[in-house]
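Q: got a predicted structure plus its sequence, pasted below:
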Amino acid sequence: MLADIWTVFWRDWTVLKHRMTAFILSRMVAPMLYLVAFGWGLGRNIQPTGGGSYIDFLVPGILALNSMNISFNSVTPVHAERVYHKSIEEYIIAPIRPFAYVVGKVLAAVLRGMISSAIIIALAYAFGAHFAITPVFILVLMLNCAVFAGIGFAAAMYLGTYEQMGQVNTYILLPMSFLCGTFFSTRALPDALRLAIECLPLTHTSYLLRGIGSGAEVSMISVAVLAAYLVAVLLISGKAFVNLRR
């Protein structure tokens, strides 16, 4: 099983390694815009509840939404391999376990998400942000990457067109990017909407990263929610890939 996972992961790592410079440069653009526009621009006029600067509040949210987007989009090429290129059939007939393919792809997406997150952390410190990086902080980031990579894989298995994949970004990821505690606290939302938003994984990631970064106690409920999402999406993705092999 581990050898099969490593084989799938190594293939994606080999591709990324040859494109690393372009990958890093492209991942610096959006975070710098967020930090300049919201951290230096708008953020100078905002005082978050609980004290501290707005940029300290903002950076964990940016890390959460960036790791979500990078991890999800890192797995979406599987959709083209399944629907258009038909190259996923190479894995279907290969002597590897179906679940190993899913886990290998998810881990490759986690790697991309963590590299992108490291870039944001370096930029945030350069912009004067103050937050603590701990092993738990890193584990939460990895867990968030894995959750959305799993969601991306499941979408790639079940959706039939590029347009439908784009609709996932438009109707699911984009609203979460702005509403799930990334740029402002969910306490500012109406109660009914707030309760719905607080059921989503990105909300728990945003508040976990913000709390851990400021030295607060880790919410085990939020960790459990993210873990439950991960188990669910991996099971759904694994079942979809198994059905594809039949």
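A: Perfect, I can see it now. Numbers count the residues shown, from 1 in each chain.

Q: roughly how far does Leu226 sit from Leu209?
A: Distance of Leu226 to Leu209, given as C-beta to C-beta, to the nearest Å: 11 Å. To be clear about C-beta, it is placed using only N, CA and C from the backbone, and glycine gets the same treatment.

Q: ok, Ala149 to Met165 distance?
A: Counting by C-beta to C-beta - Ala149 and Met165 are separated by 14 Å.

Q: Leu226 and Leu209 - which one has more neighbours?
A: Neighbours per residue (other C-beta atoms under 10 Å) separate Leu226 from Leu209, with Leu209 holding more: 25 against 20.

Q: separation between the more buried one and Met142?
A: For Leu209, the distance to Met142 - C-beta to C-beta - is 12 Å.

Q: quick revisit: who has more neighbours, Ala149 and Met165?
A: Taking other C-beta under 10 Å, Ala149 and Met165 do not tie; Ala149 has more neighbours (34 against 19).

Q: and that one, what element?
A: Per DSSP states H and E: Ala149 is located in helix 135-158.

Q: residues near Pro135, how many?
A: The number of residues packed near Pro135 is 8, by other C-beta under 10 Å.

Q: show the contacting residues for it.
A: Residues near Pro135 by C-beta atoms under 8 Å, 6 or more residues apart in numbering: none.

Q: and the pLDDT at it?
A: With respect to pLDDT, Pro135 scores 94.

Q: mind listing the helices for this protein?
A: Taking DSSP state H as the test, the helices found in the chain are 2-18, 20-34, 54-75, 77-83, 89-93, 98-126, 135-158, 162-168, 174-179, 191-197, 201-213, 220-245.

Q: list the buried residues of the last one.
A: Yep, that's helix 220-245 we're talking about. Across helix 220-245, burial judged by 16 or more other C-beta atoms under 10 Å covers 222-223, 225-226, 229-230, 233-234, 236-238, 240-241.

Q: distance from the helix or strand of the chain with the lowest mean pLDDT to the middle of the chain?
A: Between all helices and strands in the chain, the lowest mean by mean pLDDT, DSSP states H and E belongs to helix 89-93, at a mean of 78. Taking C-alpha atoms, centre = their mean, to the nearest Å, the mean C-alpha location of helix 89-93 is offset from the chain mean by 27 Å.

Q: repeat for stretch 153-164
A: 18 Å.

Q: from start to finish, how long is it in a straight line?
A: End-to-end distance of stretch 153-164 (C-alpha to C-alpha, to the nearest Å): 14 Å.

Q: neighbouring contacts of it?
A: Contacts of stretch 153-164 (C-beta under 8 Å, 6+ apart): 75-80, 82-83, 102, 105-106, 165, 168, 233, 236-237, 240-241, 244.

Q: okay, now Val103: neighbour count?
A: 24.

Q: no, scratch that, I was asking about Ala64
A: Counted with other C-beta under 10 Å, Ala64 comes out at 30.

Q: touching, it and His204? I think so.
A: No. Using C-beta atoms under 8 Å, Ala64 is not in contact with His204, being 9.2 Å away.

Q: residue closest to the middle of this structure?
A: The chain has Met68 as the residue nearest its centroid, 2.1 Å off, counting by C-alpha atoms, centre = their mean.

Q: wait, doesn't it sit right on Phe178?
A: No. At 11.9 Å, Met68 does not count as touching Phe178 under the criterion of C-beta under 8 Å.

Q: shaky segments in the chain?
A: 39-52, 245-246 (pLDDT under 70).

Q: please repeat the previous calculation with a cut-off of 50.
A: For the chain, no stretch has pLDDT under 50.

Q: re the thing from before, reformat the helices of the chain as a markdown table; add distance to Ser185.
A: As requested, those are exported to a markdown table (distance: least, C-beta to C-beta, whole Å):
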| stretch | distance to Ser185 |
| --- | --- |
| helix 2-18 | 35 |
| helix 20-34 | 17 |
| helix 54-75 | 8 |
| helix 77-83 | 35 |
| helix 89-93 | 43 |
| helix 98-126 | 19 |
| helix 135-158 | 18 |
| helix 162-168 | 26 |
| helix 174-179 | 11 |
| helix 191-197 | 10 |
| helix 201-213 | 9 |
| helix 220-245 | 15 |
